[in-house]
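**Q** Need a 3D model of the sequence below.
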Amino acid sequence: MTAFELTLEQPVTLEMTGKFVAPSAEWVHLSRILQDYELIVMTEGVLYLAGDNQKFTVSKGEYLLLPPLTRQYGYKPSDCSFYWLHYQAADGSLAKTNPPQPGGAEDPVIHLPQYGTLRNLEKIIVMMKQLQDSVRSYNHTVLNNYMSTVILCELYNQTRNAGADPSRRTKQEQLYNDIVDYIKWSRSEHIKVSQIAAYFGYNEKYLSHLFTVISGISLKQYILQQKMELAKFLLTDTNQNVSEVSQQLGYKDCHNFMKSFKKIVGLTPTEFRNAYAKRLLFYK
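**A** Residues are numbered from 1 along each chain as shown. Presented below is the predicted three-dimensional model:
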């Protein structure tokens, strides 16, 4: 697996960032030689993009990282949208094969896999939107460089150990991960703990206790947190009004949604949306 070494002793240098929306289903990515690193985070559709002689198919929830001097070109039409980030790494990060296992918490070097699936797409997108808002609102170079570095660190944390052998995980850990996945794909529904327990065939109290021991928070609280993560994404990346967001999350009463959002996030949905309102949108 190809990965890129990044030293965290100083931040990367942000060159450009934005969101791209394909103008039509026939759009094909332009051909060029990259002068810096480009991170692409897919939000909709599929991107057919080549880097030198390697062809990538990048779908929603996945990302691609290409290094400087890569010959980049689209090899077939792509009806898609994605966030992108161009940056320079002062240490001249090198491509590696089979990167070493993560070091300790104080290790100043991380390895970013070139391609992968994100465990929390919405969180990355909110961070990308916050960066874009900062670029438009303040355009403070050092601040933007650090915010870009934090995004890369989040990418690293979401992908580390992604290829771990499932056979090494205990039965309880596997069950916990299955519950997490179930909640992730059911966030738009009115999920109850009893519903999850029935689905997996376990006692409700046992399942709640197991989840709390492993995650540190209750199953009910985790469900609420995940709904609010999706809400932040919808408020950040779409033009849906608060009532529409509430309905998409399975709330019958918009007031209850706003109350829950305020409790978890600390801002009302409207305040959160207005705090990071300045997206950079590109169509070419």
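
**Q** Outside of the one helix or strand N274 maps to itself, list whatever touches it.
**A** For N274, the element it lies in under DSSP states H and E is helix 269-275. Residues from elsewhere that reach helix 269-275 (C-beta atoms under 8 Å, 6 or more residues apart in numbering): 133, 231-232, 235-236, 242, 245, 257-258, 261, 265, 267. All C-beta spots, glycine's among them, are computed from the backbone N, C-alpha and C.

**Q** what comes up buried for the strand or helix carrying T236?
**A** Secondary structure assigned from DSSP H and E places T236 in helix 219-237. Within helix 219-237, the residues scored as buried using 16 or more other C-beta atoms under 10 Å are 219, 222-224, 226-237.

**Q** same check, this time on stretch 54-69
**A** 56, 58, 60-67.

**Q** Phi first, then psi, for the residue lying farthest from the centre of the chain.
**A** What lies farthest from the middle of the chain is N203; by C-alpha atoms, centre = their mean that is 32.7 Å. Backbone torsions for N203, taken as degrees, to the nearest 10, come to phi -70, psi 140.

**Q** returning to what we had before: what lies in contact with the helix holding T236?
**A** Here helix 219-237 has contacts from 19, 43, 120-123, 125-126, 129, 179-180, 183-184, 187-188, 191, 193, 196, 207-208, 211-212, 215, 217, 240, 242, 245, 248-250, 257, 260-261, 264-265, 269, 272-273, 276, using C-beta under 8 Å, 6+ apart.

**Q** Report the mean per-residue pLDDT for the next helix or strand along the chain from that helix.
**A** Downstream of helix 219-237, the first helix or strand assigned by DSSP H and E is helix 242-248. Averaged across helix 242-248, the pLDDT comes to 93.

**Q** now swap in stretch 159-168 and tell me
**A** So the average pLDDT for stretch 159-168 ends up being 57.

**Q** Could you say which helix or strand holds H29?
**A** Short version, using DSSP H and E: H29 is in no helix or strand.

**Q** list the contacts for the closest residue to it other than its chain neighbours?
**A** Counting by C-beta to C-beta, 6 or more residues apart in numbering, the nearest residue to H29 once its immediate chain neighbours are dropped is G74, at 3.1 Å. Contacts for G74 (C-beta under 8 Å, 6+ apart) come out as 28-31, 47-50.

**Q** same thing but at 6 Å, please
**A** 28-29, 48-49 (C-beta atoms under 6 Å, 6 or more residues apart in numbering).

**Q** which residues touch stretch 112-131?
**A** 1-4, 6, 17, 41, 61-62, 64-65, 83, 147, 151, 156, 158-159, 229-230, 232-233, 236-237, 276, 279.

**Q** Could you list the low-pLDDT ranges of the stretch 51-200 of the chain?
**A** The model of the stretch 51-200 of the chain has pLDDT under 70 over residues 91-107, 161-169.

**Q** where do the helices sit along it?
**A** Here the stretch 51-200 of the chain has its helices, by DSSP state H, counting those that start in this stretch, at 121-137, 141-159, 171-185, 193-200.

**Q** Quick check: the farthest pair among the contacts of helix 269-275?
**A** D133 and F257 (23.3 Å; C-beta to C-beta).

**Q** got the phi/psi numbers for M42?
**A** phi -80, psi 130.

**Q** That one against V58, yeah?
**A** Yes: under the criterion of C-beta atoms under 6 Å, M42 is in contact with V58, at a separation of 5.2 Å.

**Q** hmm, back to that, how distant is the helix holding N274 from the center of its chain?
**A** 20 Å (C-alpha atoms, centre = their mean, to the nearest Å).

**Q** and G18, helix, strand or coil?
**A** Three-state assignment for G18 (DSSP: H, G, I helix; E, B strand; the rest coil): strand.
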